[in-house]
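Peer 1: Attaching a predicted model along with its sequence, questions to come.
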Amino acid sequence: MFPTSSPPAQQPRPPWPAPPVDTPGSAPQAAGNAPTPRRKERDPFFDNAKFLAILLVVVGHSLANLLDVPLAKGLYIFIYMFHMPLFIVITGYFSRNWTFSGGKARKLITNVGVPYVVFEIAYSLYDWLAGRNELEISLLKPYFLTWFLCALFMWRLSTPVWQQIRWPLAVAMVFSLLSYMSDLGSTFNIHRVIGLLPFYVLGLMLKPAHFELLKRPAARMAGIVTLVCGAGAAFVVMNHMNKDWIYWKDPHDELGVGNLVGTLMRLGMFGCAIVLVAAFLTIVPQRRTWFTGLGATTLYAYLLHGFVTRLLQFTDWWGAAWMHTVPGVLAVMAGAVVAGTFLCSKPVVRCMSWALEPKMTWAFTGLRRPGAARPVGRADQR
């Protein structure tokens with residue numbers, strides 16, 4: 001993780017100069033130049049967690065059209081209980097140092113805001129070209145997968161607020177529970193933005209030490225048992241609950257319950273989701289694996305896999321009889337894992353980085369374009 005340690009005791013300086021030390025991937029230090037600080041390495045634990053989580057997302061969406069098969073329905077409810085809370089908690093954890101400083105604000109625009117606009121337009125056009133509906137592009141009503149980018153943009157902007165108040169998680173929970181007591185409309189998918197906010201705030205509050213607790217062998221065994229029990233519970237309740245609960249987007253009256261029952265249900269779902277998130281993290285590999293590098297590009301798989309699942313829906317492939325069997329469900333899940341892995345790969349990143357990670361230096365003030373002449377200051381004139 002990110003261990004903290006006290007500064008080492010000062011040692012006596014040797015009578016001769018120390019030779020320069022070259023680190024892999026860095027240029028040798030020139031005499032008289034200040035040493036270049038080493039870039040902090042990514043923790044493989046979190047990249048592994050993000051990659052496995054995106055596979056859950058892709059598999060979950062692949063099961064959505066096969067719910068007449070009990071195996072698919074049980075797994076679908078189980079995955080949806082915690083896969084997005086897992087992503088949101090990790091996102092909140094890595095947003096702890098977010099501020100309105102120029103660099104981070106620009107990155108929020110280019111890596112979240114711009115992809116939201118691009119894929120909102122792309123999915124709307126895709127839907128229209130397939131003959132599903134009239135062409136309607138509205139940035140106020142996120143389409144399909146783009147709701148997460150919209151929510152992430154708002155959550156990041158609110159980060160400094162949560163870091164200033166005394167009981168951020170309790171306040172976020174109150175806002176979330178109150179939001180489901182009335183219909184707030186579909187603008188910005190606001191029910192999900194506010195409803196899932198506590199998971200983001202929880203991530204902001206977590207420390208490296210909390211994740212270290214989940215890496216212990218005893219925690220791993222408990223996590224495995226918890227996940228097995230959670231999956232079993234999903235199969236037990238799958239025919240006795242409205243699955244719309246797991247989408248976190250509908251007020252209580254649309255789910256057919258009063259505010260008291262709805263609030264208790266939401267509290268139970270929050271508790272179950274947090275327990276399952278913690279249990280899942282206990283089984284995530286802590287060392288580098290063959291898929292660790294793919295964990296840094298999970299947003300590609302998230303935004304692009306929808307075109308595949310939508311294509312199968314538009315062409316009516318989901319209606320194939322062989323898919324609606326246990327072997328068919330297992331085959332679809334295997335295909336989803338392969339597709340999700342491929343969409344995180346370097347070839348896809350190289351082809352689609354213009355849409356998901358655009359540079360856009362031309363769009364911001366105070367940035368010097370590559371190759372542009374540096375302005376001459378007084379010190380240069382002297």
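Peer 2: The structure has been received and is ready for your questions.
Peer 1: Report the central residue of the chain.
Peer 2: residue 87 (3.8 Å; Cα atoms, centre = their mean).
Peer 1: Please report how far that one lies from residue 261.
Peer 2: Shown here: residue 87 relative to residue 261, a distance of 28 Å by Cβ to Cβ, to the nearest Å. Using the backbone N, CA and C atoms, a C-beta is placed for each residue, glycine as well.
Peer 1: on that earlier part again, so the residue nearest to the centre of the chain, which of the three states?
Peer 2: helix (DSSP: H, G, I helix; E, B strand; the rest coil).
Peer 1: Show the pLDDT at it.
Peer 2: Per-residue confidence at residue 87 stands at 92 (pLDDT).
Peer 1: Surely it is in contact with residue 49?
Peer 2: No. The criterion here is Cβ atoms under 8 Å, and residue 87 misses it with residue 49 at 9.3 Å.
Peer 1: Where does the prediction get shaky in the stretch 51-200 of the chain?
Peer 2: Judged by pLDDT under 70, the stretch 51-200 of the chain has its weakly predicted residues at 131-133.
Peer 1: My understanding was that residue 144 contacts residue 305; is that so?
Peer 2: No. Residue 144 lies out of contact with residue 305 (Cβ under 8 Å); the separation is 10.8 Å.
Peer 1: Of those two, give the one with the bigger neighbour count.
Peer 2: Counting neighbours by other Cβ atoms under 10 Å for residue 144 and for residue 305 shows that residue 305 has the greater number, 21 against 17.
Peer 1: Disregarding flanking residues, what is the spatial nearest neighbour of the more buried one?
Peer 2: residue 58 (4.9 Å; Cβ to Cβ, 6 or more residues apart in numbering).
Peer 1: What number of residues are in the vicinity of the one you found?
Peer 2: That count, for residue 58 with other Cβ under 10 Å as the rule, works out to 26.
Peer 1: next one: residue 130
Peer 2: Other residues close to residue 130 by other Cβ under 10 Å number 13.
Peer 1: same thing with residue 211?
Peer 2: Applying other Cβ under 10 Å, we find 21 residues neighbouring residue 211.
Peer 1: Go ahead and list the helix or strand containing it.
Peer 2: Per DSSP states H and E: residue 211 is located in helix 208-214.
Peer 1: so what does the helix or strand that that helix is followed by touch, helix or strand wise?
Peer 2: Following helix 208-214 in sequence order, the next helix or strand is helix 217-237 (DSSP H and E). Where contact means 3 or more Cβ pairs under 8 Å, 6 or more residues apart in numbering; DSSP states H and E, helix 217-237 is packed against helix 70-80, helix 259-282.
Peer 1: What average pLDDT does helix 217-237 get?
Peer 2: 96.
Peer 1: which parts of it are buried?
Peer 2: By 16 or more other Cβ atoms under 10 Å, the buried positions in helix 217-237 come out as 219, 220, 223, 226, 227, 230, 231, 234.
Peer 1: roughly how far apart are the nearest residue to the residue nearest to the centre of the chain once chain neighbours are set aside and residue 361?
Peer 2: For residue 87, ignoring the flanking residues on the chain, the nearest one in space by Cβ to Cβ, 6+ apart is residue 53 at 5.5 Å. Noted for residue 53: a distance of 32 Å to residue 361, by Cβ to Cβ.
Peer 1: Pick out whichever of these two has more residues nearby.
Peer 2: Higher neighbour count among residue 53 and residue 361: residue 53, with 24 against 13, using other Cβ under 10 Å.
Peer 1: I'd assumed residue 88 was in contact with the more buried one.
Peer 2: No. Counting by Cβ under 8 Å, residue 53 stays clear of residue 88, with 10.2 Å between them.
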